[in-house]
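Chemist: What would the 3D arrangement of this be:
(chains A and B)
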Amino acid sequence: MSEPVSEDLRHGYDFESIQERWLPVWDELQPFRSGDPADTRETRYVLDMFPYPSGDLHMGHAEAYALGDVIARYWVQRGFNVMHPIGWDAFGLPAENAAIKRGEDPAIWTYANIEQQKSSMRRYACSFDWDRVLNTCDPTYYRWNQWFFLKMHERGLAYRKASAVNWCPTCQTVLANEQVVGGLCERCDSAVTKKKLTQWYFRITDYAERLLDDMQQLEAGWPEKVLLMQRNWIGRSTGAEVQFVVEGREEPVTVYTTRPDTLYGATFFVVAVDSDLAAELVGGTPAEPDFVAYLDQVKQLSEMDRLDAGREKTGVFLERYAINPVNGEQIPIWASDYVLADYGTGAIMAVPAHDQRDLDFALKFGLPVSVVVESDEDPTVTGIATGDDGAHVNSGPLDGLGKADAIAKMIEILDERGTGKASINYRLRDWLISRQRYWGTPIPIIHCDTCGEVPVPEEQLPVVLPSAEGLDLKPKGASPLGAAIEWASVPCPKCGAPATRDADTMDTFVDSSWYFMRYLDPHLTTAPFDVEQAKKWAPVDQYVGGVTHAILHLLYSRFYTKVMFDMGLIDFNEPFTRLLNQGMVVMNGSAMSKSRGNVVRLSDELATNGVDAVRLTMVFAGPPEDDVDWADVSPAGAKKFLARAWRVADDVTSVPGADATTGDIELRKATAKAISEAEQALDSYRFNVAVAKTMELVNATRKAIDSGCGPADPAVREAAEAVAVMLSLVAPYTAEDMWRLLGHQPCVARAGWPTFDPALLVQESVTCIVQIAGKVRERLEVSPDISEADLKALALASDAVQSALAGADIKTVIVRAPKLVNIVPA
RNA sequence: GCGGGUGUGGCGGAAUUGGCAGACGUGCAGGAUUUAGGAUCCUGUGCCGAAAGGCGUGCGGGUUCAAGUCCCGCCACCCGCACCA
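Modeler: Here you go, the predicted structure:
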């Protein structure tokens, strides 16, 4: 099987030897270093989402990095100083799980994988600036996680509270809201349960309004879909808070509602079964045993079950009553799990006539239903809640008003009486960042019996993870760090008494929330990043990554950026100006997975077709945001094209610097057109189209060599050089070798984008189509600046037109010189 | 249920402001060269039709001299959210 190699040699193009030839040269020349302070080029910051080091690179990486690379390399060719860094999102569960399996330190597995990925990326010819590499599991990195935590703590943005939190029984750790997908753990798909724990939170809800408002800045550069998902996630809703007096209770209870206009229709009251309020209200009533039994039953449910909207309503009457503030009616208070403890106030007024959930509940338990918005159907008969909008009835001063007016009026009334006010609520919850696992950033807090939670003094950072040696990392619901007695036992920084370190580690999304700033100077020891470098480079001009992070990572990064802004560290408030969500690489329509047995191995593809062909396949497959189905594309075809392009350069016989202006005019025009069109395609992120334009130019040049002006014509050299530079974005090895064949020194990556004489784009004749009743009947070669009158006359005089008209009368003639004439017969 | 997106040859996909639908590639067919081809080169390739010609961008209407593109109504598929009061 040594055949393929000898064939390639026979035809000259051998991707393997080309790869071997140029890798060491590039290592030497380092064309993508961006840190030279004397560099005066305008700056651009291109960022690929950094990888998690679990094994070697796969097809998904190959696509993402190929696309990011096209953008970075294009901007280098256009004369920018481009920062294109890479690093590793190196903390997290897979390393820990692998370590448990092998009984070794997660650091060993992690760093081995990083080395492997790094070497694969080098071979894949990623245009990274290798001087800027960072690993989040290095203490030099995570000390700044801790630093940010302390700053947040100072500002009241990091706080601890006891709450029912999401718990993954498999990972044996808590999860943020964003990490629960459809009731399942985002990482391992286990059914998530609730657990009451005291945990650390970041107060992201304080930023809800700004996270929403600032999306305006992103509208031009982010996919609409991602913005929409974030808007939905933040879930702003407007309504009112209404106070209900509860019989036998000093303080009134406040509810949140988006429909204060339906207050006259509130016939009962529901509190979340797992809220403190429910326990308090039921305390001492005859309903208490029933309530406790019900609460136990609810606790058994997984989040999955609980979220099932089709499920029958359940609940318990608490033997207590509230007073409807507008009509003074006594309404019963129930507890149910369909009301969420952590949204609004954990209690609602139920308006069964006009809310489906409340109606379901009312019908199940035989509670009264009172229509307050005029409806044709009776909800108690149809079982369907009515009255999204309509005239209000049975509502005193609101009678006759529509929804919007009624809401305004009711808020006015509540305001006057001091029993309510307009209010805004968000679906977004605070970000739970504690994790009960080993491989993460230790939380820099010391718990002291007398002083409480004491921040680790800044000068004592980093709080370095204790060695995994001797620690049992197996998940058991409590952090393994607690068992590192020597590590955990420290004097209280305040009073000096014996105290213990917080044993939890931070969510790894903390690591990735600001890493884009650390790249600016990853070796800096005095601050997380250099403020001056930030002015030079940030924010990120182009971010590239999968849509899987549409909410989690991107929302957290946006939050961190606003916090950094408030701290005065930066002068912008959005981290990523443009965002490109590349599609996935799939096989036969479905995601590659071992269980499906449809995994295509990147290493196999690289061995068969070479790096350039794989990169080209990824880029040429279609629009970058679409999925690439490997069954639909042809890496072999890509290789064939690269060989064709290479041979064009090989065939050139003129010397470098040959005067192109004396060359074949038709090929020169084709070259100018290809460059211009590729440019437009690249500027609008239609990389597949840019490749097509390059292919057209290769075809035209081939033709010129074989059956046109011949290989010695300087226009052929001009075309081949343009192809080399255009190709350098996608197929750097082939392009570099073409550059060598053309008599140039490396690197083609910094040769500069080809220029052309705009006069070459002007055509001296264009094809004008002549339509009769919208159908093409004739084509005329005309001057591009022909007048409408001349063109009309010319078209009408044409034989084809005359015979097609067959003497019919003409109603109108539409002339769009010089491209079209449409003759409309009567 | 709510919200959003997408429908173009056998396949992946092209197509400024409405103005030659199918660029480029793949696949397929035929040919050249070759001991051979999973190499290279050339030719053809939307569909129907022998041809003339007709039809054609999910379906049905509409606007227009002209619609893949704009408007209205459907259908299909995909994605996100889903007891958030």
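Chemist: Am I right that residue A:317 is in a helix?
Modeler: No: using DSSP: H, G, I helix; E, B strand; the rest coil, the assignment for residue A:317 is strand, not a helix.
Chemist: Tell me, how many residues neighbour the closest residue in space to it that isn't next to it in sequence?
Modeler: In this structure, residue A:317 finds its nearest non-sequential neighbour in residue A:334, 5.4 Å apart by CB to CB, 6 or more residues apart in numbering. Using the backbone N, CA and C atoms, a C-beta is placed for each residue, glycine as well. When neighbours are defined as other CB atoms under 10 Å, residue A:334 has 24 of them.
Chemist: The one 3 residues further on now?
Modeler: Taking other CB under 10 Å as the criterion, the count of residues near residue A:337 is 22.
Chemist: Isn't the residue nearest to residue A:317 up against residue A:273?
Modeler: No: taking contacts as CB atoms under 8 Å, residue A:334 lies outside contact range of residue A:273: 9.2 Å.
Chemist: Report the set of residues contacting both of the two.
Modeler: A:315-316 (CB atoms under 8 Å, 6 or more residues apart in numbering).
Chemist: before we move on, back to that, chain center to the host helix or strand of the residue nearest to residue A:317, what's the gap?
Modeler: Following DSSP states H and E, one finds residue A:334 within strand A:330-336. With CA atoms, centre = their mean, to the nearest Å as the basis, strand A:330-336 stands 43 Å off its chain's centre.
Chemist: Tell me the strands beside it, with direction?
Modeler: strand A:268-272 (parallel), strand A:316-323 (antiparallel) (DSSP bridges).
Chemist: Quick one: distance of the longest one to the chain centre.
Modeler: Pointing back at strand A:316-323 there. Per CA atoms, centre = their mean, the centroid offset for strand A:316-323 relative to its chain is 46 Å.
Chemist: List of residues touching it?
Modeler: A:244-248, A:253, A:269, A:271, A:273, A:278, A:281-282, A:285-287, A:290-291, A:294, A:329-336, A:365.
Chemist: what's the answer for the first one, then?
Modeler: The contact list for strand A:268-272, computed with CB under 8 Å, 6+ apart, reads A:244, A:253, A:255, A:277-278, A:281, A:315, A:318, A:322, A:331-341, A:346-350, A:352, A:358, A:361-362, A:367-368.
Chemist: Intersect those with the contacts of RNA strand B.
Modeler: A:337-340, A:346, A:348 (CB under 7 Å from any atom of the strand).
Chemist: Out of those residues, which end up buried?
Modeler: Taking 16 or more other CB atoms under 10 Å as the criterion, what is buried in these is A:337-339, A:346, A:348.
Chemist: is it possible to export the residues you listed to a markdown table including distance to residue A:670?
Modeler: Listed next are these as a markdown table, based on distance: CB to CB, whole Å:
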| residue | distance to residue A:670 |
| --- | --- |
| A:337 | 70 |
| A:338 | 68 |
| A:339 | 69 |
| A:346 | 70 |
| A:348 | 70 |
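Chemist: what's the span of stretch A:87-96, first residue to last?
Modeler: 19 Å (CA to CA, to the nearest Å).
Chemist: next one: stretch A:98-107
Modeler: Per CA to CA, stretch A:98-107 runs 11 Å from first to last residue.
Chemist: What distance do you get for residue A:513 to residue A:560?
Modeler: 4 Å (CB to CB, to the nearest Å).
Chemist: which of those two has more neighbours?
Modeler: Set side by side, residue A:513 and residue A:560 show more neighbours around residue A:513, with 28 against 24, by other CB under 10 Å.
Chemist: Give me the distance between that one and residue A:563.
Modeler: 9 Å.
Chemist: Spatially central residue (nearest the centroid) of chain A, please.
Modeler: The centroid of chain A falls nearest to residue A:550 when counting by CA atoms, centre = their mean (3.5 Å).
Chemist: what about the residue in chain A positioned nearest to RNA strand B, how many residues close to it?
Modeler: Nearest residue of chain A to RNA strand B: residue A:637, at 2.7 Å (CB to the nearest atom of the strand). Residues lying near residue A:637 (other CB under 10 Å) number 14.
Chemist: before we move on, what about the one 3 residues further on?
Modeler: Under the neighbour criterion other CB under 10 Å, residue A:640 is assigned a count of 14.
Chemist: Noted, bye for now.
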